[in-house]
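>>> okay, structure incoming, though there's no sequence with it:
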């Protein structure tokens, strides 16, 4: 077992160690998201925390995370520190836990402070109807530029992993979450930046507006940036659709093979 707790949260060691008991996580807390990973909100004394339990780990990944690579929880924790060092805001890291069996990673958890920031989903969905959403997207473009200027490539840069908060009339600040899949660089090329922006899961008008404002920030031709960005996004979405189709076919084949093996 490996536990690392941020120095400023050492008083929470009892709560953190409670997570080593699977029943504690299963029976306590409020579910915020349940899918491949499970995210829960916990209240501990007068503080609120978000705990992310990473989902099913294949046997190969159990071995890799046990020997060659850091676990997702470990990376989420340390990437949050690196982000803050580079001037990018993210919910405060609290701790990470790794539970191992026979030397292989069995389960991992990442704990962060709860953020009062809001999701961008409704902003992008109502972009054309709500004039204030245009101010948010304007500031979001500047935040994405700042993220890239800091040399950060968020490998899951979708709208759901960016939170925002209103600080004064027509002015907003942002945080990034889901920090385990990131790389850090000294400099990013235009191609790397547009390749990263293609992951933004937002309606086309929002995406084009982001590219427009981003082009101005990098002092580039707007039409060229929008054209390149759109091509990156189209190829990305086509690849995602193909991957999903292959997964469905593979899953269907497995179900058929399984039914054939059932003896009457």
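Ah, there it is. What you see is a predicted model; the values in this text were computed from it and never measured.

>>> where do the helices sit along the stretch 1-150 of the chain?
In the stretch 1-150 of the chain, the helices defined using DSSP state H, counting those that start in this stretch lie at 13-18, 22-27, 59-67, 72-85, 121-125, 131-149.

>>> worst average pLDDT in those?
Lowest mean pLDDT of the helices of the stretch 1-150 of the chain: helix 59-67, a mean of 65.

>>> ok, back up a step: quick one: the helices of the stretch 1-150 of the chain as a markdown table, columns for distance to residue 167 and mean neighbour count too.
For every residue, glycine as well, the C-beta is placed using N, CA and C. Below are the helices of the stretch 1-150 of the chain laid out as a markdown table (distance: least, C-beta to C-beta, whole Å; neighbours: other C-beta atoms under 10 Å):
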| stretch | distance to residue 167 | mean neighbour count |
| --- | --- | --- |
| helix 13-18 | 31 | 16 |
| helix 22-27 | 34 | 12 |
| helix 59-67 | 39 | 14 |
| helix 72-85 | 18 | 20 |
| helix 121-125 | 15 | 17 |
| helix 131-149 | 10 | 18 |
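
>>> domains of the chain?
Domain assignment of the chain by automatic domain parsing yields the ranges 2-113, 118-237.

>>> Throw these into CSV and include distance to residue 243, thanks.
Shown next, in CSV, are those (distance: least, C-beta to C-beta, whole Å):
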stretch, distance to residue 243
domain 2-113, 15
domain 118-237, 11
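
>>> for residue 246, find the nearest of those.
domain 118-237 (15.1 Å; C-beta to C-beta).

>>> which one of the helices of the stretch 1-150 of the chain lies closest to residue 51?
Residue 51 lies closest to helix 22-27 among these, at 6.9 Å (C-beta to C-beta).
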